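Chemist: pasting the sequence and the predicted model now:
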Amino acid sequence: MSAVLKPRDHDRGGRSPAGRQRRERREGEVRSLHESWPTRSARSSQSSSTSPAARPATVRVLPQRSLPLWLRGLILAQKGSAVVMLTLVASVLGVYGWTVYVQQNWGRAYHQLETLQRQQQQMTAALEMLKYQTAQSIDQQGSDYRVPHPDQLIFMAPSDRRPAHEPSENLAPPPTTRPPLGY
């Protein structure tokens, strides 16, 4: 159960004195960690004799190694891409909500347009029916109908204004609901 680091053959600094010093320092750190760690028998006897609360807690601070420049760059790129991703998700959700809102408004406006077109067609049909009935009544009465001459016109004073009232009957059939065409 002993873990000893063996130097790699392809270590760049293995042959130089600085490389040897680095390798020896690493091996020394591993040996000191290995020696400070209790063996299995010592751990089992130690754990059975004392409770974890009774043992003094010692925390050993590991040496801080600075990260290589390329790794710091990757970490920075990861954080930046996370911010960009969150911004993109928020903007996509905003655009989606705006699209749904616009489609609903467009559907309502289109329904109103259809209603107005239907009313226009009904009014045009009613006007044409009145013209036809007027022409029929003129033909039935004979050819006594003449265009009035301006000297024969009678002018009357306008009457008082009356309040506008809503028609009691709706001649249009009730509108059928359709899904909006935007979907």
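Modeler: Perfect, I can see it now. Numbering: from 1, shown residues only.

Chemist: Ala109: neighbour count?
Modeler: Other residues lying near Ala109 total 11 when counted by other C-beta atoms under 10 Å. Bear in mind the C-beta positions are built from the backbone N, C-alpha and C, glycine included.

Chemist: average pLDDT for the helix or strand containing it?
Modeler: Assigning secondary structure by DSSP states H and E places Ala109 in helix 69-141. Average pLDDT, helix 69-141: 94.

Chemist: helices or strands next to it in the packing?
Modeler: Judged by 3 or more C-beta pairs under 8 Å, 6 or more residues apart in numbering; DSSP states H and E, helix 69-141 has no packing partners among the helices and strands.

Chemist: tell me the contacts of Thr134?
Modeler: Not one residue lies near Thr134 by C-beta atoms under 8 Å, 6 or more residues apart in numbering.

Chemist: any idea how far it is from Pro68?
Modeler: According to C-beta to C-beta, to the nearest Å, Thr134 and Pro68 sit 97 Å apart.

Chemist: same thing with Asn105?
Modeler: Relative to Pro68, and taking C-beta to C-beta, Asn105 is found at 55 Å.

Chemist: cool, Asp139 as well?
Modeler: With distances taken as C-beta to C-beta, Asp139 is found 104 Å from Pro68.

Chemist: got the phi and psi for Thr58?
Modeler: Per-residue torsions, Thr58: phi -120, psi 130 (degrees, to the nearest 10).

Chemist: for it, the count of nearby residues, please.
Modeler: By other C-beta under 10 Å, neighbour count at Thr58 equals 5.

Chemist: report pLDDT for it.
Modeler: Listed pLDDT for Thr58 reads 87.

Chemist: cool, the one 4 residues further on as well?
Modeler: At Leu62, the model reports a pLDDT of 84.

Chemist: what is the burial count for it?
Modeler: Per other C-beta under 10 Å, the neighbour tally for Leu62 reads 8.

Chemist: SS state for it?
Modeler: Secondary structure state of Leu62, per DSSP: H, G, I helix; E, B strand; the rest coil, is coil.
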